[in-house]
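K.L.:
quick one: sequence and predicted model below, then my questions.
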Amino acid sequence: MIAQIKKPVKKWLAHSVYELHRHDLLPNPLQVHSVDETLDVLLNTNKSMVRFGDSDLVMISGRNTIFQTAAPEITEGLRRIIGYQYDDLIVTIPDIFGDLDIYLPASRAFWEDHLLFFRKAYYKYCNTNKVYYNTTVSRGYVTLADKSRSGGWFEKFRRVFDGKDLVMVEGCTAHNGVGNDLFSKASSVQRIVCPSSNAYRVRDRILEECLKFDRDKLFLFALGVTAKALVEEMFLKGYRVIDIGNLDMEYEWFLRKAVKKEPIPKHSIVGEKANRKAGYEEYLSQIVCYIE
């Protein structure tokens, strides 16, 4: 098993395999749009978006992640969704199949290791007849070597929300847009607050609450693996839905000019009492449903 190989040997192997693919000595059938192309689609169309990151590929391979225990239903659903069946539901995957020099050295090493284990899963379950959109759209700062475009990307995302009535579906510690201006251009914000881990157990309840809203709302999801199935179901019922993933966390690091990933204080705040103590009265007023 590759996982049992000593770390230095595994690192060398991962880099060697990556270099073979990078120099076209091994086939690479997947193409990924740029971050700007991804944002322009969100800005100029009413398309929905579902995003796949590294942890989603772990789940596609049938393994547990930190926030979700694997189950056949979840795995099968992710494999179907990443197959990109609908033109108006764009699918993002990481931009890691060409040159990794856009990332900082530690991130390059991470993605080389990730591809060593999961490249076959991408090639097996992705639709090679499609050009995918870019997961970096919501991961556009802290791991990038060149951060000069990050501010413009965040501003484009803020414009996506301009004038919209938002429904934010998120984990109980997420606090998307709280303490920053991510949603400042929105007309209104309402929230459905869900468990931060193993939310798939209550996915039917989450969907039930979401479907109580009119279709003129723009739904935003930041709910890990669980978001994928819910985004697809709501899209098929005529809603516009965008899976924003860790956008708010990246924006917080951008605002702080962080040089590496660091804890965000609001992510440790749970419950009404703690939120009131933190002064998050507006956040509490936006919550229309709290799902245990």
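P.N.:
Here it is on my side, so go on.
K.L.:
where does the prediction get shaky in the chain?
P.N.:
Confidence mapping of the chain against pLDDT under 70 gives the ranges 1-5, 25.
K.L.:
longest helix anywhere in it?
P.N.:
Using DSSP state H to define each element, the chain has its longest helix at helix 105-125.
K.L.:
packing partners of that helix?
P.N.:
Here helix 105-125 touches helix 7-22, helix 54-60, going by 3 or more Cβ pairs under 8 Å, 6 or more residues apart in numbering; DSSP states H and E. For glycine as for every other residue, the C-beta is placed from the backbone atoms N, C-alpha and C.
K.L.:
what about those helices, which gets the closest to Arg119?
P.N.:
helix 7-22 (7.7 Å; Cβ to Cβ).
K.L.:
measure how far that closest one is from the centre of its chain, please.
P.N.:
Put simply, helix 7-22 sits 26 Å off its chain's centre (Cα atoms, centre = their mean, to the nearest Å).
K.L.:
partners of whichever helix or strand comes after that helix in the sheet?
P.N.:
Using DSSP states H and E, the helix or strand that follows helix 7-22 in sequence is strand 31-32. Sheet pairing of strand 31-32 (DSSP bridges) gives strand 131-134 (parallel).
K.L.:
hmm, who's touching the next helix or strand after the strand it pairs with?
P.N.:
Using DSSP H and E, the next helix or strand after strand 131-134 towards the C-terminus is helix 150-160. Outside helix 150-160, the residues within contact range by Cβ atoms under 8 Å, 6 or more residues apart in numbering are 35-36, 39-40, 42-43, 137-138, 140-141, 144, 181-185, 242, 244, 247, 250-251, 254.
K.L.:
just the buried ones out of those residues, please.
P.N.:
For those, a burial check counting by 16 or more other Cβ atoms under 10 Å picks out 35, 39, 42, 137-138, 140-141, 144, 182-183, 242, 244, 247, 250-251, 254.
K.L.:
got the contact list for the nearest residue to Asp146 once chain neighbours are set aside?
P.N.:
Leaving out its chain neighbours, the residue that sits closest to Asp146 by Cβ to Cβ, 6 or more residues apart in numbering is Ile102, at 6.8 Å. When contacts are counted by Cβ under 8 Å, 6+ apart, Ile102 touches Asp95, Leu144, Ala145, Asp146.
K.L.:
7 Å instead, please
P.N.:
Contacts for Ile102 (Cβ atoms under 7 Å, 6 or more residues apart in numbering) come out as Leu144, Ala145, Asp146.
K.L.:
what of Tyr122?
P.N.:
Contacts of Tyr122 by Cβ under 7 Å, 6+ apart are Leu30, Leu57, Ile93.
K.L.:
PyMOL command for the buried members of these?
P.N.:
Buried residues within the contacts of Tyr122, by 16+ other Cβ under 10 Å, are selected in PyMOL with:
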select buried, resi 30+57+93
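K.L.:
can you redo the contacts of Tyr122 as JSON lines with distance to Ile192?
P.N.:
Below are those laid out as JSON lines (distance: Cβ to Cβ, whole Å):
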{"residue": "Leu30", "distance to Ile192": "33"}
{"residue": "Leu57", "distance to Ile192": "27"}
{"residue": "Ile93", "distance to Ile192": "27"}
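K.L.:
that'll do, ta.
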